[in-house]
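> The sequence and its predicted three-dimensional model are supplied below.
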Amino acid sequence: MNASSLPRTLTERTLALAPERSRGVLVAAYETFLQFGVRRASMQDIADRAGISRAALYLHYRNKTDIFRALMAHYHEAAASLVAEVLADEDTPATALRAAFAAQTGDAAVEMMASPHAEELLSLKQSAARDVIAAGHDRLADVYATWMQAGVAAGRMSTGGAGPDPHVTAQAMLAALDGLKPLGIDREGYAAARDRLADLFGRALTRQTP
């Protein structure tokens, strides 16, 4: 897998957020983590895949945990900006959520689910970047909450669907989306389940006309 085949938020946005000299390292690290997991991967594995010496790799990052944390931080920052743009471009809550969920996950979720180290890569509790991922989830929740608040204010969305605290509703949506990852379904099954989830939340948010 090369940089062009990585999910959109990881290539066009995540890599754009990283210093140019580190982008090849991040792509190599992502591929290495998929193959070996974070615990089993070594700095030498990443350096070899990046086509640089281990000494050169240490000029970029102190250790593999730093690389993983940087990758997750850039990914969540990129995903939040892309989700905000996608939500603003769609008309109905259901179509907006379908597009946003697809943009947020891209192929990354499916690739990690297919990895033999999926549990380590997807588990927040086991992750070496759990605080970074938790902060990223909060930022994504803020994006969805802001969108819901705007929809309610414009009369497009139901106050009941958004709930008294849209941020809490957004956290519930993200938790439900994350809950699809451990199901062991294939790419098509995951996309279909993700769309069904978007439709369910979209119907709840849609303001019913008298």
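Happy to help now that I have it.

> so where's the chain uncertain?
Along the chain, the parts satisfying pLDDT under 70 run over 1-12, 14-15, 107-110, 118, 122-126, 182-184, 209-210.

> tell me what the longest helix along it is packed against?
Secondary structure of the chain per DSSP state H: the longest helix is helix 64-89. On a contact count with 3 or more C-beta pairs under 8 Å, 6 or more residues apart in numbering; DSSP states H and E, helix 64-89 meets helix 15-17, helix 23-40, helix 43-50, helix 93-105, helix 130-153. C-beta coordinates here come from the backbone N, C-alpha and C atoms, glycine included.

> closest one to E85 among the ones you listed?
helix 93-105 (8.2 Å; C-beta to C-beta).

> Between helix 130-153 and that closest one, find me the angle.
160 degrees (axes from the mean of the first three to the mean of the last three C-alpha atoms, to 10 degrees).

> CA atoms only: put helix 93-105 into PDB for me.
Provided in PDB are the C-alpha atoms of helix 93-105 (Å, rounded to 0.1, in the frame of the first residue of the first chain):
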ATOM      1  CA  PRO A  93     -29.600  15.000   8.500                       C
ATOM      2  CA  ALA A  94     -29.500  11.500   7.200                       C
ATOM      3  CA  THR A  95     -27.500  12.300   4.000                       C
ATOM      4  CA  ALA A  96     -25.200  14.600   6.000                       C
ATOM      5  CA  LEU A  97     -24.500  11.900   8.500                       C
ATOM      6  CA  ARG A  98     -23.900   9.200   5.800                       C
ATOM      7  CA  ALA A  99     -21.400  11.500   4.200                       C
ATOM      8  CA  ALA A 100     -19.800  12.600   7.500                       C
ATOM      9  CA  PHE A 101     -19.500   9.000   8.800                       C
ATOM     10  CA  ALA A 102     -17.900   7.900   5.500                       C
ATOM     11  CA  ALA A 103     -15.500  10.800   5.500                       C
ATOM     12  CA  GLN A 104     -14.500  10.200   9.200                       C
ATOM     13  CA  THR A 105     -13.800   6.500   8.800                       C
END
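
> Now that helix: buried residues?
Neighbour-count burial for helix 93-105, counted by 16 or more other C-beta atoms under 10 Å, picks out 93-94, 96-105.

> Export the residues you listed as JSON lines, with columns for distance to E119.
Below are the buried residues of helix 93-105 laid out as JSON lines (distance: C-beta to C-beta, whole Å):
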{"residue": "P93", "distance to E119": "33"}
{"residue": "A94", "distance to E119": "31"}
{"residue": "A96", "distance to E119": "31"}
{"residue": "L97", "distance to E119": "27"}
{"residue": "R98", "distance to E119": "27"}
{"residue": "A99", "distance to E119": "29"}
{"residue": "A100", "distance to E119": "26"}
{"residue": "F101", "distance to E119": "22"}
{"residue": "A102", "distance to E119": "24"}
{"residue": "A103", "distance to E119": "25"}
{"residue": "Q104", "distance to E119": "21"}
{"residue": "T105", "distance to E119": "18"}
